[in-house]
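A.B. asks: my questions concern the predicted model and sequence given below.
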Amino acid sequence: MRKFIQKKAFFQKNMDTNASQPRKNFVFELLKPEMLALQEILKERNWTVVDAPYMVFKASSEKISVAAYQSGKLVVQGANAQDFVEFILEPEILKEKAFESVSGQQSESEVPFYPHAGMDESGKGDFFGPLVISSVFVGDEDTARKLADIGVKDSKMIKNDKMIIRIAAEIRRLVNNKFAVVAIGPEAYNNFYEKIRSLNRLLAWGHARALENLLLKAPECNAALADKFGDESLIRNALLKGGRSIRLDQRTKAESDIAVAAASIMARAEFVRRMTELGEKNGVVLPKGAGEQVDRIAKQLAIAGGETLLRQVAKMHFRNSCKALGLPVPEKTPWRK
């Protein structure tokens, strides 16, 4: 509760009286794990991220800078500061709106529990490795409480792979194996993407298959929740007859839901396992994300086996593939949620 009150106080401070103009300066208070999660996200999106005195990190991109201090303060400045807060910081780290008053509204933690499946993915922002989608059914409030007690939360907030794998094993036990995982390996991913040219459609297909597979284990499931991406009809349209009979909800910040958080951990655990296997098969440790370290390893693999090898380990529509193969790198398009 204390952390929420602190954040709310900073939100009020950040609300400028001149609401018609985009804000260019923000100050937030974050916990250390939240700062580390944000640092990883910015690295994955090719921000310039560096160490600096008295800071956890300092990052910059076009018309914006972010400074994360050891004291817990996060300072956001620049012409694109408000877009950063609305489209990255809010949905992926804060899990709540900074530009809306929360007074008088029911928080997600106060919403009565109902049996439902949660769905989430891992590997979407990683050049190497598969895209993994998981679904987990949480059938009663007691199970939900036990999941929270073992530390289930959005996997992006858990940076230790060993802890991810340990918690995933506990999730399997607590939900009585009522979960499903769909892993789309790099080769299948590349073939699929080249046909449809849409990551959102690929995500929808994976979510739909994970939910359909879960329903075989948990036929009592009649509701599912997923993080919102693209057109809300995408997942529903990809479902088969069985999946279309259940209630399907999509919302931003869905990882704050215990079932979705459990699914995010199950997906991440499978992603980590497959990344390790791919690396061992090719005699290299495959880094996560899409930053400079990824570029170095990608170049090594391209020299060793060319495009054929890269297609077996990486998602070829990423800019990293062009760099590794010495091809012209397309202009970077602004990221939008």
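C.D. replies: Cool, got the structure. Numbers count the residues shown, from 1 in each chain.

A.B. asks: hey, where'd the strands end up in the stretch 101-250 of the chain?
C.D. replies: 116-122, 131-138, 179-184, 223-227, 247-251 (DSSP state E, counting those that start in this stretch).

A.B. asks: check which helices and strands the longest one sits against.
C.D. replies: Read that as strand 131-138. For strand 131-138, the elements it packs on are strand 116-122, strand 179-184, helix 199-217, helix 258-282, judged by 3 or more CB pairs under 8 Å, 6 or more residues apart in numbering; DSSP states H and E. Where C-beta positions appear, they are placed from N, C-alpha and C, glycine not excepted.

A.B. asks: for the stretch 201-337 of the chain, give me the ranges with low pLDDT.
C.D. replies: Residues of the stretch 201-337 of the chain meeting the criterion pLDDT under 70: 241-242, 332-337.

A.B. asks: repeat that for 90
C.D. replies: In the predicted model of the stretch 201-337 of the chain, residues 227-247, 250-256, 328-337 satisfy pLDDT under 90.

A.B. asks: hmm, back to that, just the strands of the stretch 101-250 of the chain: most buried one?
C.D. replies: Ranked by mean neighbour count under mean count of other CB atoms under 10 Å, the strands of the stretch 101-250 of the chain are led by strand 131-138, which reaches a mean of 30.

A.B. asks: can you give me the angle it makes with strand 116-122?
C.D. replies: Interaxial angle, strand 131-138 versus strand 116-122 (axes from the mean of the first three to the mean of the last three CA atoms, to 10 degrees): 160 degrees.

A.B. asks: where's strand 131-138 relative to the chain centroid, distance-wise?
C.D. replies: Strand 131-138 has its C-alpha centroid displaced from the chain centroid by 13 Å (CA atoms, centre = their mean, to the nearest Å).

A.B. asks: so for that strand, mean pLDDT?
C.D. replies: Mean per-residue pLDDT for strand 131-138: 97.

A.B. asks: neighbouring strands for that strand, and are they parallel or not?
C.D. replies: According to DSSP bridges, strand 131-138 forms sheet pairs with strand 116-122 (antiparallel), strand 179-184 (antiparallel).

A.B. asks: can you lay out those as JSON lines showing distance to residue 203 and mean pLDDT?
C.D. replies: Listed next are the strands paired with strand 131-138 as JSON lines, based on distance: least, CB to CB, whole Å; pLDDT from 0 to 100:
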{"stretch": "strand 116-122", "distance to residue 203": "6", "mean pLDDT": "96"}
{"stretch": "strand 179-184", "distance to residue 203": "10", "mean pLDDT": "98"}
